[in-house]
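1. mind folding the following:
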Amino acid sequence: MKLAVFEELVASHEGAFASEREMEEASPLARVRDGRIQARPPILVIQGTEDINVTAAMTEAFGSAYRAAGGDIALRFEPAFPHAFASVPSPQSDVAIRETLAFLRQHQLLEPDRRTP
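-> Model (predicted):
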């Protein structure tokens with residue numbers, strides 16, 4: 001990781017959390033593990049393998065904890081996609097849209113697409 005990217009990541013992190021305790025309180029993984037999250041709707045996580053903010057290991061740990069708590073979670077790792085890849089129109093965000101729509105339909109959270117046979 002280039003030093004400038006790392007420094008930007010650290011500055012962003014420090015701007016979001018006043019302390020390590022506050023960071024831990026906000027952690028989705030910690031909230032699932034300690035039972036603070038009671039509702040467990042189906043979740044789809046689409047993560048790029050080039051994400052330097054959230055590692056694949058972090059996502060897999062969350063997925064395991066969510067499943068252990070009785071949740072239904074699908075993890076998709078997209079090769080060479082960076083963090084926040086779906087935030088701007090691109091071929092990468094098109095993948096995320098397609099996968100999200102399929103997931104929502106699969107879980108009957110969205111009406112079936114009647115345009116395709």
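2. ranges for the helices of this structure?
-> Assignment of helices within the chain using DSSP state H yields the ranges 3-16, 20-26, 28-33, 56-68, 91-106.
3. mean pLDDT for the ones you listed: which is lowest?
-> For these, mean pLDDT drops lowest on helix 3-16, to a mean of 73.
4. buried ones in that helix, by neighbour count?
-> Residues of helix 3-16 include none that count as buried (16 or more other CB atoms under 10 Å). Where you see a C-beta, it was placed from the backbone N, CA and C, and this is true even at glycine.
5. residues in contact with that helix?
-> With contact meaning CB atoms under 8 Å, 6 or more residues apart in numbering, helix 3-16 is reached by 23, 52-53.
6. distance to residue 16 and neighbour count added to the residues you listed, as TSV?
-> Below are those laid out as TSV (distance: CB to CB, whole Å; neighbours: other CB atoms under 10 Å):
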residue	distance to residue 16	neighbour count
23	8	14
52	16	14
53	11	13
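7. got the contact list for the most centrally placed residue in the chain?
-> In the chain, the centroid-proximal residue (CA atoms, centre = their mean) is residue 45; its distance is 4.3 Å. By CB under 8 Å, 6+ apart, the residues touching residue 45 are 59, 62-63, 73-76.
8. enumerate the beta-bridge partners assigned to it.
-> Taking DSSP bridges as the rule, residue 45 bridges to residue 75.
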